[in-house]
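Asks: sequence below, structure please.
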Amino acid sequence: MIEINLLEKKKPLELPVVLGIDLNQVNKKSLVIGYVIYFILTSYVIPSFDDENKDVRDQIQQARSQYNKVKQEVDSYGSLNEVMNAFSKRIEELKSREDLVAKVMSKKSNPYKVLRGLSSSLNDDIWFNQLSIDKDRVIKIEGESISFSSVGDFVNNVKELEYFISRGNFTGETFGMKELKETQDELYGEKVTLQSFVIEGKIQSYGDLN
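Replies: Have a look, this model is predicted:
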């Protein structure tokens, strides 16, 4: 007996051709695996790369901003040669000013502190008749005293003053007796013997260090 199946037989699912590739010829299992990999890449891996790229781009932008800021500062000073020339010029100006100050200080000749030091070194029984200081700082004192020891004490006291302490290459005596002799004079109605003296010295400083 002959049986005839009148139900229409279902045709298999036909896949399209993509980019010249017939998907019907591709293994279905491989196709599913490829789709899963594609999904993972597009959903997780590629976005994470985008985030990392954004961080890198932000870092590059920050570095570029810092570079531009530094460049503007450098440009504001002009070229390196100009900066160095200006710096050298300033150094020379400061040296000139220092030399000028040293020159002025070397010529400083206010004898106030020296005279005050001399006065404090005197005993009551000694006095000056004449005192002079020349342009070379040579001091000459002419005076008298009723005591020989007072004259000696005065000379020793003055030698201890900073104004007469030897400085630099000076090797001579800074303060000493040049002449001492006895003279007769009348003092308060009485005749007395006086010690007449001449003292010379070389002022080493007018108190510039104070």
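
Asks: rest of the way, CA atoms for contacts and neighbours
Replies: Fine.

Asks: the strand or helix carrying residue 95: what's the following helix or strand?
Replies: Applying DSSP states H and E as the criterion places residue 95 in helix 80-106. Counting by DSSP H and E, the next helix or strand C-terminal to helix 80-106 is helix 112-120.

Asks: in that following helix, what's buried?
Replies: 114, 117-118 (16 or more other C-alpha atoms under 10 Å).

Asks: now the helix holding residue 95: average pLDDT?
Replies: Across helix 80-106, pLDDT averages out at 66.

Asks: I'd like the average pLDDT over the helix or strand harbouring residue 132.
Replies: Element membership for residue 132 (DSSP H and E) is strand 126-133. Averaged over strand 126-133, pLDDT sits at 94.

Asks: in stretch 162-172, what counts as buried?
Replies: 162-166.

Asks: pick the one among those closest to residue 143.
Replies: Distance to residue 143 across those (C-alpha to C-alpha) is lowest for residue 164, with 19.3 Å.

Asks: contact partners for the closest one?
Replies: 158, 174-175, 201-205 (C-alpha atoms under 8 Å, 6 or more residues apart in numbering).

Asks: again, only this time at 10 Å
Replies: Shown in contact with residue 164 (C-alpha atoms under 10 Å, 6 or more residues apart in numbering): 114, 158, 173-175, 201-206.

Asks: can you select the buried ones among the residues you listed for me in ChimeraX?
Replies: A single ChimeraX command selects the buried members of those (16+ other C-alpha under 10 Å):
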select :114,158,174,175,201,202,203,204,205,206
